[in-house]
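Asker: structure of the sequence below:
(one chain, ligands or ions: 1)
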Amino acid sequence: MNTSSLPRIAVLATGGTIAGQAGDASKTAGYKAGVVGVDKLLDAVPALASVASIHAEQVASIDSKDMSLALWSALAARVETLLKQDDIDGVVITHGTDTLEETAYFLHLTVKSEKPVVLTAAMRPSTALSADGPLNLLNAVTVAASKNAAGQGVLVAFNNQIHSARDVTKTSTYAVDAFRSPEVGVLGFVQDGRVEFQRSVTKPHTTASEFAIAEKWPSVEIVASYADASRVMVDALVAAGVKGIVVAGTGNGSMHANITQALSDAVKQGVSVVRASRVGSGHVMHNGAASDDALGTISAGTLNPYKARVLLLLALAANKKDLQRVFDTY
Ligand code: SIN
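Answerer: Numbering: from 1, shown residues only. Purely as a prediction, here's the structure:
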């Protein structure tokens, strides 16, 4: 095969279970994530040779529970640099499943390129019987190599499905079909080399996003509301000097009266507060006079608390004052 005519895809490895190693092939828990190098991951998928010409980089080797803003910033910068090169047609990022949705959404709003960026991962370590990583990697490269993936924002290829970074979330601790896009569903499918998109995202992203990597990030934390919740957590965060708080509220982002009072006090001290929901699907409606307008809080819409935190970080870093417009837009 003449490989010079194949799409040129950069594969950036960051660790995760896809690069995990267990002492025993029957083990799908109790392994170490992020130990197998990118070259070995690629060697496990000989079929890649007929899909793309691959440029590989080991960007990190972490369990994604330990993801940081510093690594997000470095990753976004590296992706953008690669995509500016004429000899790179798309980027695939291998990642842990645990914070994949946060990294994907961060890149969706900060990388300024129309070229495909596709994240993938695995629920089973690379050493497992029926490891899911190799096929997920092949499918991710196949999506990144597809002209149809251009301009769709950052994508997640997992278990034959293609999700938007905006909507995707991990919904199982063990199943190989762990990712869902609640309410809105997948963007499309990838199977046996065929990439099919059935819808596209309408919210702005990548080249249409007003956000960028910041020099300095504000402190933004998440608190939850639950039966008998006290104001201790909110007060501690305010005392620590946080600039933003996302609340994982009950139902439509409602909060225990103790937390409501604490957040109302926090807003008066200049902290930006966003109401999201712990429910896992649906949206948090702006409550107007009944709540948000009186308290000075922002409603997160369909963003889950973790993605709402990403957007609040970017908006505060960019010194945005019209936060409800930001959340209504993105
Ligand atoms: C991780 O997120 O790095 C570990 C878990 C996984 O990838 O499934």
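
Asker: spit out the contact partners of S219.
Answerer: By C-beta atoms under 8 Å, 6 or more residues apart in numbering, the contact list for S219 reads 240-244. No exception for glycine: its C-beta is placed from N, CA and C like everyone else's.

Asker: biggest separation within those residues, which pair?
Answerer: A240 and G244 (12.3 Å; C-beta to C-beta).

Asker: those two - which one has more neighbours?
Answerer: More crowded of A240 and G244, by other C-beta atoms under 10 Å: G244, with 24 against 9.

Asker: check what pLDDT the more buried one gets.
Answerer: With respect to pLDDT, G244 scores 99.

Asker: need the phi and psi values for it.
Answerer: With angles defined as degrees, to the nearest 10, G244 sits at phi -140, psi 150.

Asker: show me what contacts it?
Answerer: 218-221, 271-274, 309, 312-313, 316.

Asker: and these, which is closest to the ligand?
Answerer: R309 (17.2 Å; C-beta to the nearest ligand atom).

Asker: the closest residue to the closest one other than its chain neighbours: neighbouring residues, count only.
Answerer: The shortest distance from R309 to any non-neighbouring residue, by C-beta to C-beta, 6 or more residues apart in numbering, is to V246 (4.8 Å). When neighbours are counted by other C-beta under 10 Å, V246 registers 29.

Asker: V246 and L303 touch, don't they?
Answerer: No. If you go by C-beta atoms under 8 Å, V246 and L303 don't touch, sitting 9.1 Å apart.

Asker: the residue in the stretch 51-200 of the chain that the ligand sits nearest to: how many residues sit nearby?
Answerer: The stretch 51-200 of the chain approaches the ligand most closely through G96 (1.9 Å), counting by C-beta to the nearest ligand atom. By other C-beta under 10 Å, 25 other residues sit near G96.

Asker: likewise the one 5 residues further on?
Answerer: For E101, the neighbour count with other C-beta under 10 Å is 25.

Asker: and T97, that one's in a helix?
Answerer: No. T97: not assigned to a helix; according to DSSP: H, G, I helix; E, B strand; the rest coil it is coil.

Asker: contact partners for the closest residue to it other than its chain neighbours?
Answerer: Leaving out its chain neighbours, the residue that sits closest to T97 by C-beta to C-beta, 6+ apart is A121, at 4.4 Å. By C-beta under 8 Å, 6+ apart, the residues touching A121 are 16-18, 94-97, 100, 133, 136, 158.

Asker: rerun that using 6 Å as the cut-off
Answerer: The contact partners of A121, by C-beta atoms under 6 Å, 6 or more residues apart in numbering, come to 16, 18, 95, 97, 100.

Asker: phi, psi of it?
Answerer: Per degrees, to the nearest 10, the backbone of A121 is at phi -160, psi -170.

Asker: from here on, call the first residue 445.
Answerer: Right, with 445 as the first residue, what we last looked at is A565.
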